[in-house]
Structure formats: structure tokens, C-alpha cells
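*Asks:* Any chance you can model this:
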Amino acid sequence: MKSTVLFLIAALFTLAFAQQPKDAKTQRLTGIAKSNNGLIKLNSNTYNQYTEGKRNYGLVVLLTALEEQMRCMPCREFDPEYKLVASSFQKSKDPTRVFFGHLDFKDGQAVYQKLGLQTAPNVLYFPPSKPGSKAEPVKYDLSKNGFGAESFAAFLSREIGAPVPVTRPFDYFALGVKVFGVVGIAAILKLLYPYFGTILHHRNTWAALSIITILIMTSGHMWNQIRNPPYVMPGAGGKMNFVAGGFQQQLGLESRVVAATYGILAMATVALAVYVPKMKDKTPQRISAYIWTMCILIVFSALMNLFRIKNGAYPFHIFF
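*Replies:* Okay, the predicted model is just below:
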């Protein structure tokens, strides 16, 4: 009987210790994350508190500059994607394994100075660490991996060795807009169907569609769809770069600039070769020829300058 009582007491003690809450830092972070949809607002003091010393948890920190005067468009672009990953992970089975912190420049200037950061956004992952050890943070490369939540979640999955889910809320408004658009387009097509024959079978229609398709393919649009690069990239002095250096990378805005440049050149060439010769008055014809020729020279010179921005060794130029 006595041995049975002692066994029950030992079992109760074991159970009590097993049910004890985790350390104080983990407990505080858990409470904050639950109350704020998985996101933990940090300042300089709490950043140092939660990233230094012993950690039996992983901590991701997004450093941004979201104030209006900072004009950090990449910060505004990545912020909702980061929050989506944080809220999705909060609904997982073990949300205390990794916490998601957010430190804005206005609340953490000392941290920016300490880390020597002059651009934003930056994402750092602090893995768990034992007492006395100092685990260096792992930086997520936004310029290489893009600003999508799925790419960021894949990075975290590799770091923590467990899947990080991304659950996007269903957008009923977008679905309604698409359905309304499809119905509207179908109604318009039905009304205009008798007039479509002439347009559909006209050679200029297919010429325009061919040019548009060529511009989309040569501008790198398909590369953007596959790699999902950032739209722009922060540069020195707070300026936004729309051209990525080297021929192995590009930005979203860069492909649109290239497409517009080639489009202007195509339009000028067609006008010079097709429409100018049809002009009956010689003086306007001559003036139009000069205008379109100068347009080709100027825009083509700008295109060469774009090549030189991507590769400083590019040797050719016209005006610039």
C-alpha cells in the first residue's frame, strides 16, 4: 500500500513538472502572438531581450521603415506577405516553435545602427540557442527570393525543419468581380458579334496581336512569372532601382520598361515603313520621316543605355 502511494505521488510530481509552462520569455511571446494574430511588435529593448541569451524558440524579425517620409515601397509590399505567414503559422499545431517579430525604424533606430543597416526591408531568423552560445541570425534574401509569402515560408521550412503553412483567405469580392466581368464580357461579345468578323479577319488585327506577343516574350514577362522577382529594389541613398545588374537577374518594373521601349521602336518602324510612304503631300511626308527617324534613334539610344546599366562593359551608344 505504501509503495502504491509513493508511486502515485511521484507520478503526480512528474505530471506537474511536465505541465509547467515554458520559460518566461516564451510565455510572454506566446501571449503577445495569440493576441495579435501571430505578430509581435518590437522596439530596441525588446529586440535585444528576445534575441539574446538562451532561446528554446526560433524568432523571425522583419525590419522595416513604413513611415510615409521613408518612402519604402518594398517595405509596404512585403509587410502583408509577412503578416500572412505569421497568422498562418499561428494556426499551426505548435505555434510556439517560431515567433514572428516586427521592428519598424521609428521604434528601433538603435538596432539599425547596431546592425549597420541602411536599407529596408530586412528579414532575420534567430534559431534556438543554448545558454552561453551565440547563434548568428540567418538573413532571408528578398532580392533573390522575392516578396511572396510562399517563398518566405519555404525558406523558414528549410531552416526549422518543419513545414510552414501559408493560408490565404478566400477573396469573395475578387470572385464576384471576376464573375461579373465574365458575364459582362459575354453580353458585350454577343451584342458585337456581327461586327467582329471584319476585325477578326483583318490582317492588322493579327499583326498587332503578333507584336504584342513578341513584346511580352522578349521583355522577360515569362521569366517574371516563373521566378517572381521583386517589382523594384532599394538602392543606395534610399533610391529605388528598377534595373537589376547583370544578365542573370531582372526586376518586375524592368521588364515593363523593356517592353515599352521595344513597343515604341516597333511603332516608329511601322509608321516609317507603312504609313509615311502613303502620305500624298511631300512636305508633311518629309517632316514625318524626320520625326520617326529621330524617334528611332533616341529610343534606340536609350535602349543601349539600359544595356549599359545592366552591364557596365557594354561598349555601344548613340546619344547617351
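
*Asks:* can you pull out the helices in the protein?
*Replies:* Taking DSSP state H, the helices of the chain run over residues 2-18, 24-35, 44-51, 73-90, 109-115, 142-145, 149-160, 172-200, 203-218, 221-227, 252-270, 282-310.

*Asks:* Which stretch among the ones you listed is buried most, on average?
*Replies:* Comparing the helices of the chain by mean neighbour count (mean count of other Cβ atoms under 10 Å), helix 73-90 ranks first with a mean of 19. For every residue, glycine as well, the C-beta is placed using N, CA and C.

*Asks:* picking up where we left off before, and of the helices of the chain, who's closest to residue 234?
*Replies:* Closest approach to residue 234 among the helices of the chain (Cβ to Cβ): helix 73-90, 5.7 Å.

*Asks:* Take the helices of the chain and write them to TSV, including distance to residue 245.
*Replies:* TSV is the format used below for these (distance: least, Cβ to Cβ, whole Å):
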stretch	distance to residue 245
helix 2-18	55
helix 24-35	39
helix 44-51	32
helix 73-90	17
helix 109-115	24
helix 142-145	11
helix 149-160	21
helix 172-200	36
helix 203-218	20
helix 221-227	16
helix 252-270	11
helix 282-310	6
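
*Asks:* Any idea which of those has the lowest pLDDT on average?
*Replies:* Note on the helices of the chain: helix 2-18 shows the lowest mean pLDDT, a mean of 47.

*Asks:* Give me the phi and psi angles of the residue nearest the centre of the chain.
*Replies:* The geometric centre of the chain, computed from its C-alpha atoms, lies nearest to residue 147 (Cα atoms, centre = their mean), at 2.3 Å. Here is the backbone geometry of residue 147 (degrees, to the nearest 10): phi -100, psi 10.

*Asks:* Same check on residue 318?
*Replies:* phi -120, psi -70.

*Asks:* Report how many residues lie close to it.
*Replies:* Residues within reach of residue 318, counting by other Cβ atoms under 10 Å, total 12.

*Asks:* what about it, distance to residue 260?
*Replies:* The gap separating residue 318 from residue 260 is 19 Å, by Cβ to Cβ, to the nearest Å.

*Asks:* Contacts only, for residue 150.
*Replies:* residue 166 (Cβ atoms under 8 Å, 6 or more residues apart in numbering).

*Asks:* Any figure for the gap between it and residue 156?
*Replies:* Distance from residue 150 to residue 156, by Cβ to Cβ: 11 Å.

*Asks:* Repeat that for residue 168.
*Replies:* 16 Å.

*Asks:* again with residue 273
*Replies:* Distance from residue 273 to residue 156, by Cβ to Cβ: 55 Å.
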